[in-house]
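Asks: Task: produce atomic coordinates for the following.
(2 chains)
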Amino acid sequence: DTAVSQTPKYLVTQMGNDKSIKCEQNLGHDTMYWYKQDSKKFLKIMFSYNNKELIINETVPNRFSPKSPDKAHLNLHINSLELGDSAVYFCASSQSPIGYTFGSGTRLTVV
Amino acid sequence: AQSVTQLGSHVSVSEGALVLLRCNYSSSVPPYLFWYVQYPNQGLQLLLKYTSAATLVKGINGFEAEFKKSETSFHLTKPSAHMSDAAEYFCAVSEGQGAQKLVFGQGTRLTINP
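Replies: Numbers count the residues shown, from 1 in each chain, chains lettered A, B, ... in the order given. Sure, this is the predicted structure:
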């Protein structure tokens, strides 16, 4: 199936831990993104990579570090997790502004 | 800077009634506009998009939206609501060609009453 796939789907961890979320797309898109959906369902872009190059970084704390080993993968590493990091994180990819495909999300709970 | 305002965080309609979800946008250049639907514990699914072609856009599941530049609006409608339409709906804007970022509204939860 052509898709954007994220792992894990659920992640429960303690404050202070470091965790990673992985994302892969097999759509051949050049651009990948991370979006955060908070507890009030508000969606906001965090990062965007185009062909492995960072092009958008929306004032995200530097505890969050995206890594794109190739244009089909965009991982998100989070250091020193805080309670406020609890959210649903969506990966997405696009070839243009009109061709976004979202992953199914990773629900991160920090306890 | 772009922004999107969705009027009404919660809309409730009866099954078979008209669905109207309101979206107003702000953009300094001709925008691309989108409606997404999110079912509980699922990802975002594209309902429809406006990309400067026809101002009346038809999408999946019987939804449509009309781009009105003079009103800076992109309201979503469906003539007859179905129970399966219950979900969260998001309007989003992108500043056209070359601009890859989507800016979302705060979402509208649609409830369908039997």
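
Asks: Just to check, A:Gln95 is in contact with A:His29?
Replies: Yes - between A:Gln95 and A:His29 a contact is recorded at 4.7 Å, counting by Cβ atoms under 8 Å. Bear in mind the C-beta positions are built from the backbone N, C-alpha and C, glycine included.

Asks: Give me the more crowded residue out of these two.
Replies: Neighbours were tallied for A:Gln95 and for A:His29 using other Cβ atoms under 10 Å in any protein chain shown; the higher tally belongs to A:His29 (21 against 14).

Asks: Let me see the contact set for the more buried one.
Replies: By Cβ atoms under 8 Å, 6 or more residues apart in numbering or on different chains, the residues touching A:His29 are A:71, A:93-95, A:99, A:101.

Asks: can you do 10 Å?
Replies: For A:His29, the contacting residues are A:4, A:50-51, A:71-72, A:92-96, A:99-101, taking Cβ atoms under 10 Å, 6 or more residues apart in numbering or on different chains as the criterion.

Asks: partner residues bridging the closest residue to it other than its chain neighbours?
Replies: For A:His29, the nearest residue in space outside its immediate sequence neighbours is A:Ser93; the separation is 3.9 Å by Cβ to Cβ, 6 or more residues apart in numbering or on different chains. Beta-bridge partners recorded for A:Ser93 (DSSP bridges): A:Met32, A:Thr101.

Asks: do the helix or strand bottoming out on mean pLDDT in chain A and chain B meet at all?
Replies: Least confident helix or strand of chain A, by mean pLDDT, DSSP states H and E, is strand A:53-57 with a mean of 87. Yes - between strand A:53-57 and chain B, judged by Cβ under 10 Å from any Cβ of the partner chain, the touching residues are A:55-56.

Asks: Sheet partners, orientation included, of that strand?
Replies: Partner strands for strand A:53-57, per DSSP bridges, with pairing direction: strand A:43-50 (antiparallel).

Asks: Same question for the partner strand: list its buried residues.
Replies: Neighbour counts over strand A:43-50 (16 or more other Cβ atoms under 10 Å in any protein chain shown) mark A:43, A:45-50 as buried.

Asks: tell me which of those residues is nearest to chain B?
Replies: Checking those against chain B by Cβ to the nearest Cβ gives A:Leu43 as the nearest, at 4.2 Å.

Asks: what are the bridge partners for the nearest residue to the closest one once chain neighbours are set aside, then?
Replies: Counting by Cβ to Cβ, 6+ apart, the nearest residue to A:Leu43 once its immediate chain neighbours are dropped is B:Phe104, at 4.2 Å. Counting by DSSP bridges, B:Phe104 forms beta bridges with B:Ala92.

Asks: got a list of what B:Phe104 touches?
Replies: So B:Phe104 contacts A:35, A:37, A:41-45, B:3-4, B:6, B:34, B:36, B:44, B:90-93 (Cβ under 10 Å, 6+ apart).

Asks: PyMOL command for the buried members of these?
Replies: For selection in PyMOL, the members of the contacts of B:Phe104 meeting the burial criterion (16+ other Cβ under 10 Å) are listed in this command:
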select buried, (chain A and resi 35+37+41+43+45) or (chain B and resi 4+6+34+36+44+90+91+92+93)
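
Asks: Nearest to the middle of chain A, which residue? Look it up for me.
Replies: Most central residue of chain A, judged by C-alpha distance to the mean C-alpha position with Cα atoms, centre = their mean, is A:Trp34 at 3.3 Å.

Asks: between the helix or strand containing that residue and strand A:43-50, how many degrees?
Replies: When elements are assigned from DSSP states H and E, A:Trp34 belongs to strand A:31-37. Angular relation of strand A:31-37 and strand A:43-50 on a 0 to 180 degree scale: 160 degrees, by axes from the mean of the first three to the mean of the last three Cα atoms, to 10 degrees.

Asks: All good on my end, thank you.
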